[in-house]
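> Only the shape, not the letters, is given here:
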DNA sequence: CTTCGAATGGACTAGAAGGTCCATTTCTAG
DNA sequence: CTAGAAATGGACCTTCTAGTCCATTCGAAG
């Protein structure tokens, strides 16, 4: 199938505007709470444009949103996430994560975590897309743990894969509790707890 | 307002059947993925019955489902959760939690966790209901940590509230990752990680 | 300048979903 | 036994929503 339709600069800009605006709406109100008419209104586009850029309709748009949010989440941590090789770097990453979720006035969940829990049970394709982002994220954390071991800052008991999962789960679970409780405290407690656990493997 | 309508035994049974069946459907397909017609079909009831027992419509039904799932989740752990006063008890609780999510063939999220992430951002009333269940759950865990300290099994560095949040977040985050990945492994890693952290505060 | 495909506007459709209404049956209390 | 309330059945209405279609405008290349 002809996947790459020719897009002019204007067209690409419109497509990007749709995805990014829709991503924000979905983050705030969920996939089910966001209709194509909502997207159309917020992006000042017409119905035909939505289907022009996303021929498979809402499903394809949501898939693009997943990709957008996946990139956003990783990009937001990118500098710090790639350089986890000292305790100071872990502390910086921790602060970056907390700060990232503080910036918005209303407390909300993780862009891809919320998407995942709403969509994973229903749509296998999107579930796989989301699983891939989680895997990337987890691998970056595991690489950080691995670097700490290589440098002799962590003992051999610190399994990279296990700690990566523990840290990622702490963020996701912490954000879920934070979203429900209306305060960032749970996220802070959960993430700091997981990091404290990591620190118990520190080599003095 | 006349909140307590008189329900006959038959009526109460029908109402319970609706709530419990609908709770299962919502768990499998989400709130947005479950229509009143789906519920009607699965419970062999009529539209008028749904609105007879839940005058405020879907919103009221979902609220009843939240209560149902909240009870279910706590009940599933109840014996072990109330008796967290030894390391063996923690291990038993851990196994109970894992076993509880193993029983179903398809891997799914936490009944109230999934509900929360779908509904918390949109409906303040339901969000508060869910927050209350999380709080109860967290308090039971904190009480367990407290008992361990009283018995001299944990040192004073083990903050009950912080560990309760860390454990709960590990379960919620672990389940989210498990649901997405299609295996229980993330839940096991996250929960075991949090428990390992707790054990670093053990008094020998 | 013309031409053709991309970009856009917007009316329209089919169906799903929540919710209303009323008739009928069943149960319970006196 | 009977009156009134509860329980039930199901048609019907309204609104929302994904998706279709065609006409029009815009823009780049020859």
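Yep, that arrived. Nothing here was measured: the structure is a model prediction, and the numbers come from that model.

> residues near the closest residue to DNA strand D within chain A, how many?
Distances between chain A and DNA strand D by Cβ to the nearest atom of the strand are smallest at residue A:57, namely 2.3 Å. In short, each C-beta sits where N, CA and C put it, glycine included. Residue A:57: 11 surrounding residues under other Cβ atoms under 10 Å in any protein chain shown.

> Dihedrals phi and psi, it?
Residue A:57 adopts backbone torsions of phi 70, psi -150, taken as degrees, to the nearest 10.

> what about it, distance to DNA strand C?
13 Å (Cβ to the nearest atom of the strand, to the nearest Å).

> next one: residue A:202
From residue A:202 across to DNA strand C, the span is 52 Å (Cβ to the nearest atom of the strand).

> for chain A, what spans make up the helices?
Per DSSP state H, chain A carries helices over the ranges A:9-29, A:36-43, A:47-53, A:58-82, A:87-102, A:111-119, A:124-150, A:160-181, A:185-199.

> The first one and DNA strand C, any residue contact?
Yes. Taking Cβ under 7 Å from any atom of the strand as the criterion, helix A:9-29 and DNA strand C are in contact, through A:10, A:11, A:12, A:14.

> what residues does chain A put near DNA strand C?
Counting by Cβ under 7 Å from any atom of the strand, the residues of chain A that sit close to DNA strand C are A:5-8, A:10-12, A:14, A:44-49, A:52.

> make it 10 Å
Counting by Cβ under 10 Å from any atom of the strand, the residues of chain A close to DNA strand C are A:2, A:4-15, A:17-18, A:37, A:40, A:43-53.

> From these, list the buried ones, please.
By neighbour count, with 16 or more other Cβ atoms under 10 Å in any protein chain shown, the residues of chain A next to DNA strand C hold A:14, A:15, A:18, A:40, A:43, A:45, A:49, A:50, A:53 as buried.

> Pull the most distant pair out of the residues you listed.
A:15 and A:40 (13.8 Å; Cβ to Cβ).

> so who does the residue of chain A found nearest DNA strand C touch?
Residue of chain A nearest DNA strand C, by Cβ to the nearest atom of the strand: residue A:11 (1.7 Å). By Cβ atoms under 8 Å, 6 or more residues apart in numbering or on different chains, the contact list for residue A:11 reads residue A:53.

> Could you list the residues of chain A in contact with DNA strand D?
Residues of chain A lying near DNA strand D (Cβ under 10 Å from any atom of the strand): A:6, A:8-11, A:29, A:31-40, A:46-52, A:54-62.

> which intervals of chain A have sub-threshold pLDDT?
A:1-5, A:104-107 (pLDDT under 70).

> ok, now with 80
A:1-5, A:103-108 (pLDDT under 80).

> Leaving out chain neighbours, which residue sits closest to residue A:89?
residue A:83 (5.4 Å; Cβ to Cβ, 6 or more residues apart in numbering or on different chains).

> The one you found: neighbouring residues, count only.
14.

> backbone phi and psi for it, please?
Backbone torsions for residue A:83, taken as degrees, to the nearest 10, come to phi -120, psi 40.

> swap in residue A:201?
Taking degrees, to the nearest 10 as the convention, residue A:201 sits at phi -100, psi 10.

> burial measure for it, as a count.
Considering only other Cβ under 10 Å, residue A:201 is surrounded by 18 other residues.

> Residue A:96 too?
Neighbours of residue A:96 (other Cβ under 10 Å): 15.

> Contact partners for it?
Contacts here follow Cβ under 8 Å, 6+ apart; on that basis residue A:96 touches A:76, A:77, A:80.

> Apply 10 Å and report the result again.
Residue A:96 makes contact with A:76, A:77, A:78, A:79, A:80, A:81, according to Cβ atoms under 10 Å, 6 or more residues apart in numbering or on different chains.

> With respect to chain B, which of the residues you listed is nearest?
The shortest approach to chain B among the contacts of residue A:96 belongs to residue A:77, at 16.3 Å (Cβ to the nearest Cβ).

> ok, the closest one - how many residues close by?
If you count neighbours by other Cβ under 10 Å, residue A:77 ends up with 17.
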